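Novice: Fold the following.
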Amino acid sequence: MIVKNWMRKDPETISSDLSAKEAMKLFETKKIPFLSVVDDNKFRGILARRDLRAAASWAIATQDIHEIQFFNEKLKVKDIMVRKPVTLSINDSVETALEKGKQFGRTFLPVMEDGRLVGSLSNRDFTHALSQLLGTQEGLHSASIEINKDSNVTIKKILEDIFVMGLEIKGLFTLKDPDSGVKRLIIRFEAKCLKRIVSLIKEKGYNLIEVVKDKQ
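Specialist: Numbering: from 1, shown residues only. Predicted coordinates for the structure are as follows:
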């Protein structure tokens with residue numbers, strides 16, 4: 001999975017000379033947590049809504065008319081933005097994006113190509129990608145089968161048995177339990193009789209960790 005295939009293209013941007021007050025209005029209108037700062041097609045940094053709110057709250061808390069006036073009239077995006085933030089290349093892997101986000105505590109990463117801002121990746125995008133992997137909008141059942149405690153239980157063998165059961169498989173992937181380390185194969189599928197499929201899987205001797213029924 002490569003960043004350029006999962007990033008949000010043509011991201012919303014903001015000028016560094018925009019006032020903090022106007023930036024606040026823009027954030028509230030767009031209802032987004034971050035904006036990339038770009039001047040004359042040059043990437044300058046990122047601005048977080050929480051940093052704007054913190055500055056506004058501080059000005060109000062001082063109860064100083066001059067501080068409040070400074071925020072409303074003179075404070076600009078360039079005074080609050082994060083300069084030289086962590087970024088991604090369009091050719092980075094999604095795994096690299098996750099590692100960078102974790103390492104630097106970032107939930108929003110600008111994506112660059114030849115020094116230009118071309119996209120962004122955020123937690124929202126990862127959530128959307130996970131939703132696609134899980135097929136949450138497709139109306140599918142799912143079954144999770146343990147695969148790493150018995151050397152005879154392989155993905156190939158499971159799939160051979162599953163196909164015989166007449167399942168229409170729509171997706172599959174593996175996950176490892178972060179606590180136990182148990183690896184499982186998760187199968188997303190369509191089936192008219194889920195109970196029958198569950199019984200057949202158990203009859204094959206597989207350790208069925210969980211079953212999720214389509215709610216649609």
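
Novice: And the residue nearest the centre of this protein?
Specialist: Geometric centre of the chain, nearest residue: residue 126, 1.6 Å, by CA atoms, centre = their mean.

Novice: could you measure it against residue 102, distance?
Specialist: According to CB to CB, to the nearest Å, residue 126 and residue 102 sit 11 Å apart. For the C-beta atoms, the positions are set from N, CA and C on the backbone; glycine is no exception.

Novice: what do you get for residue 14?
Specialist: Taking CB to CB, one finds residue 14 at 26 Å from residue 102.

Novice: So the two - more neighbours on which side?
Specialist: The residue with more neighbours, out of residue 14 and residue 102, is residue 14; 22 against 9, by other CB atoms under 10 Å.

Novice: Test my guess that that one contacts residue 77.
Specialist: Yes: using CB atoms under 8 Å, residue 14 is in contact with residue 77, at 5.9 Å.

Novice: shared neighbours of the two, anything?
Specialist: Residues touching both residue 14 and residue 77 by CB atoms under 8 Å, 6 or more residues apart in numbering: 23, 37, 47.

Novice: List only buried entries from these.
Specialist: Those of the shared contacts of residue 14 and residue 77 that meet the buried threshold are 23, 37, 47, by 16 or more other CB atoms under 10 Å.

Novice: domain ranges for the chain?
Specialist: 3-130, 139-212 (automatic domain parsing).

Novice: tell me which residues of stretch 90-101 are tucked away?
Specialist: Those would be 92, 94, 97, 100-101, for stretch 90-101 by 16+ other CB under 10 Å.

Novice: Thanks a lot, catch you later.
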